[in-house]
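Trainee: fold the stuff below for me.
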Amino acid sequence: MIIEKLAEDIFQDILSQGGYVYIVGGSVRDYVLGLETYHDMDIEVYHLEYQQLYDILSHYGHVNTFGKNFAIMQVDKLPNYDFALPRKEKKVGEKHQDFQIDIDPHLSIQKAIQRRDLTMNALMYDYDNQKVIDLCHGIDDIHNKIIRCVNTQTFQEDPLRVLRVAQFAARFEMEVEEETKQLCQQMVQNHLLDYLSMERIYQEYCKILMAKQPSIGFQFLKDIEALPDYLKNLTTTPQRLDYHPEGNVWNHTMLVIDIAALVRDKVDEPLSFMWACLLHDIGKPLVTTLEGHAPRHNEAGLKVFKDVKMIQSKKQRQYIETMIMYHMHLMNMSRNHSKDIKYLRLLKNIENKISLNDLIWISCCDKLGRGRVVYEQYYHFWDFMKDKTDRLGDKALQPIINGYDLIQNGFHQDKQLKEILDEAYDLQLQGLNKEKILRSLKKKYEKR
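Mentor: Down below sits the predicted model:
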């Protein structure tokens with residue numbers, strides 16, 4: 001394995017003082033997978049007491065500790081390396097972090113790996129002998145693309161592992177072994193996931209969305225009945241088969257997010273873009289008719305989005321709301337050969353919320369996420385957008401009328417002022433100059 005020089009020096013120091021070094025967890029898995037960059041390095045040190053390990057690390061920099069209960073230490077000059085003593089864990093409460101930790105520097109590696117979640121994460125790299133130790137057949141599971149739990153009893157002590165299985169399946173395009181899948185479903189039915197914080201759930205969902213094939217992770221959550229209502233409702237919402245031969249809204253959404261994963265390197269806000277693609281049609285269950293029409297589902301989507309509590313960033317929420325609201329607009333404008341003023345109004349509506357570039361790409365993913373695509377329409381869309389952006393740009397025009405102008409011309413500074421400014425801007429888009437705009441507004445509001 002590729003190990004930093006400072007870490008090598010520390011490892012040699014540990015060995016010289018009677019300790020033993022194993023690299024464990026995700027970095028070993030990534031090494032076996034042949035990934036160029038490893039996961040953060042988790043180091044387990046055997047046959048040393050807590051203070052002994054602390055003293056060794058202190059020679060190489062400032063040591064940050066994460067509590068003697070966990071016996072985890074980090075040297076400031078090696079921020080990606082966590083050093084820990086072997087431990088046993090016992091669940092003592094309902095929350096994700098409610099564990100009793102027993103540190104045992106002389107614990108056997110056979111017992112130590114029992115707290116690991118999956119066989120591919122139970123691999124250990126013996127630093128001294130430079131070889132991988134595989135006590136759970138994790139390498140076979142990696143090669144066979146199988147996700148399997150290490151121990152059915154200890155696995156269910158941590159409900160977050162259900163979501164970790166989903167994100168690993170999506171990231172590495174693996175299949176969950178049946179017993180492990182049934183165990184995850186049982187954990188869901190026993191409401192163990194109810195005790196997870198929204199922040200932890202959000203983090204795992206982000207990993208699924210940023211995976212190679214996000215649909216694998218979400219399909220797993222669907223199969224074990226772990227989806228939140230706003231996603232579960234998509235699975236029973238039909239669509240018109242002449243427009244969506246792929247079937248219900250869920251099928252469409254899964255196609256969209258997999259296509260989005262292929263183009264997210266082209267957008268300005270990749271993570272928020274993936275969230276928007278996942279949630280762009282969450283309004284359809286509210287408005288879909290028996291015939292499969294979904295009128296104004298974008299507006300309905302804004303109502304449903306209020307219940308998506310796990311997304312807490314105001315900036316990200318604004319981005320997703322804007323994408324939900326306008327994800328159809330550009331494609332509709334292309335199909336209807338809309339005039340320039342509609343395009344210019346749209347630029348104003350999305351200003352400082354999302355980029356036109358990201359809106360273009362969600363429009364494409366939405367179009368391509370169907371069982372059948374009319375490519376003539378798709379290629380016409382790109383021609384339409386090129387024409388608009390070449391002639392009109394991709395940013396909203398700066399207003400030529402401001403609040404000061406209105407007040408100087410006799411308008412009152414009240415709640416109505418914003419409404420009048422909006423009217424002034426629309427008149428500007430229609431081609432009127434500043435003088436004509438003010439004259440028109442004064443004429444209209446003098447009558448009132």
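Trainee: for residue 371, give its distance to residue 323.
Mentor: 23 Å (C-beta to C-beta, to the nearest Å). Just so you know, the C-beta spots here come from the backbone N, C-alpha and C atoms, and that holds for glycine as well.
Trainee: and the two? Which one has more around it.
Mentor: Set side by side, residue 371 and residue 323 show more neighbours around residue 323, with 26 against 14, by other C-beta atoms under 10 Å.
Trainee: doesn't residue 349 make contact with the more buried one?
Mentor: No. With contacts counted by C-beta atoms under 8 Å, residue 323 stays clear of residue 349, the gap being 12.0 Å.
Trainee: now do the contacts for residue 155.
Mentor: Counting by C-beta atoms under 8 Å, 6 or more residues apart in numbering, residue 155 touches 117, 149, 161, 180, 183.
Trainee: can you count the residues close to the first one?
Mentor: If I follow you right, that is residue 117. Counted with other C-beta under 10 Å, residues neighbouring residue 117 total 22.
Trainee: residues in contact with the closest residue to it other than its chain neighbours?
Mentor: Nearest residue to residue 117 in three dimensions, chain neighbours excluded: residue 161, at 4.8 Å (C-beta to C-beta, 6 or more residues apart in numbering). Going by C-beta under 8 Å, 6+ apart, residue 161 touches 117, 118, 149, 155, 184.
Trainee: any chance of those in a markdown table, plus pLDDT, distance to residue 408 and secondary structure?
Mentor: Shown next, in a markdown table, are the contacts of residue 161 (pLDDT from 0 to 100; distance: C-beta to C-beta, whole Å; DSSP: H, G, I helix; E, B strand; the rest coil):
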| residue | pLDDT | distance to residue 408 | secondary structure |
| --- | --- | --- | --- |
| 117 | 95 | 68 | coil |
| 118 | 98 | 69 | strand |
| 149 | 98 | 72 | strand |
| 155 | 95 | 71 | helix |
| 184 | 98 | 66 | helix |
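Trainee: turn those residues into CSV, including distance to residue 30.
Mentor: CSV is the format used below for the contacts of residue 161 (distance: C-beta to C-beta, whole Å):
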residue, distance to residue 30
117, 15
118, 13
149, 19
155, 21
184, 23
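Trainee: just name the closest of the residues you listed to residue 61, please.
Mentor: residue 117 (30.6 Å; C-beta to C-beta).
Trainee: surely the closest one meets residue 149?
Mentor: Yes. Assessed by C-beta under 8 Å, residue 117 is found in contact with residue 149 at 6.5 Å.
Trainee: in the host helix or strand of residue 360, what counts as buried?
Mentor: Using DSSP states H and E, the element containing residue 360 is helix 356-368. Buried residues in helix 356-368, defined by neighbour count with 16 or more other C-beta atoms under 10 Å: 356, 358, 359, 360, 361, 362, 363, 364, 365, 366, 367, 368.
Trainee: now stretch 165-173
Mentor: By 16+ other C-beta under 10 Å, the buried positions in stretch 165-173 come out as 165, 166, 167, 168, 169, 170, 171, 172.
Trainee: for whichever strand or helix holds the residue nearest to residue 117, what is the distance to the chain centroid?
Mentor: Element membership of residue 161, judged by DSSP H and E, is helix 160-172. A distance of 13 Å separates the C-alpha centroid of helix 160-172 from that of its chain, computed with C-alpha atoms, centre = their mean, to the nearest Å.
Trainee: for it, give the mean pLDDT please.
Mentor: Confidence over helix 160-172 (mean pLDDT, whole number) is 97.
Trainee: with only the CA atoms kept, save that helix in CSV.
Mentor: The C-alpha trace of helix 160-172 is given here as CSV (Å, rounded to 0.1, in the frame of the first residue of the first chain):
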residue,chain,number,x,y,z
LEU,A,160,-26.6,3.5,9.9
ARG,A,161,-25.2,0.4,8.3
VAL,A,162,-28.4,0.0,6.3
LEU,A,163,-27.7,3.2,4.5
ARG,A,164,-24.0,2.4,4.2
VAL,A,165,-25.0,-0.8,2.4
ALA,A,166,-27.0,1.3,0.0
GLN,A,167,-24.2,3.7,-0.8
PHE,A,168,-21.6,1.0,-1.1
ALA,A,169,-23.9,-0.9,-3.6
ALA,A,170,-24.2,2.3,-5.6
ARG,A,171,-20.6,3.4,-5.5
PHE,A,172,-19.1,0.0,-6.4
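Trainee: which other helices and strands contact the following helix or strand past that helix?
Mentor: Per DSSP H and E, the first helix or strand lying C-terminal to helix 160-172 is strand 175-176. Judged by 3 or more C-beta pairs under 8 Å, 6 or more residues apart in numbering; DSSP states H and E, strand 175-176 is in contact with strand 146-147, helix 160-172.
Trainee: which other residues reach the first one?
Mentor: If I follow you right, that is strand 146-147. For strand 146-147, the surrounding residues in contact (C-beta under 8 Å, 6+ apart) are 118, 120, 141, 165, 168, 169, 174, 175, 176, 177, 180.
Trainee: so what strands line up beside it?
Mentor: Strand 146-147 pairs in its sheet with strand 175-176 (parallel), by DSSP bridges.
Trainee: for the contacts of residue 155, which one is nearest residue 82?
Mentor: Closest to residue 82, out of all of the contacts of residue 155 and judged by C-beta to C-beta, is residue 117, at 16.6 Å.
Trainee: okay if I get the buried residues of stretch 165-173 as a markdown table plus distance to residue 104?
Mentor: Below are those laid out as a markdown table (distance: C-beta to C-beta, whole Å):
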| residue | distance to residue 104 |
| --- | --- |
| 165 | 28 |
| 166 | 32 |
| 167 | 30 |
| 168 | 28 |
| 169 | 33 |
| 170 | 35 |
| 171 | 32 |
| 172 | 32 |
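Trainee: mind listing the helices for the stretch 251-400 of the chain?
Mentor: Ranges of helices in the stretch 251-400 of the chain, per DSSP state H, counting those that start in this stretch, are 270-279, 284-287, 297-305, 314-326, 329-335, 340-350, 356-368, 375-392.
Trainee: what's the closest of these to residue 261?
Mentor: Each of the helices of the stretch 251-400 of the chain has some distance to residue 261 by C-beta to C-beta; the shortest is helix 270-279, at 7.2 Å.
Trainee: which of the residues in that closest one are buried?
Mentor: By neighbour count on 16+ other C-beta under 10 Å, the buried set for helix 270-279 is 270, 272, 273, 274, 275, 276, 277, 278, 279.
Trainee: pLDDT averaged over it - what is it?
Mentor: Here the average pLDDT along helix 270-279 is 98.
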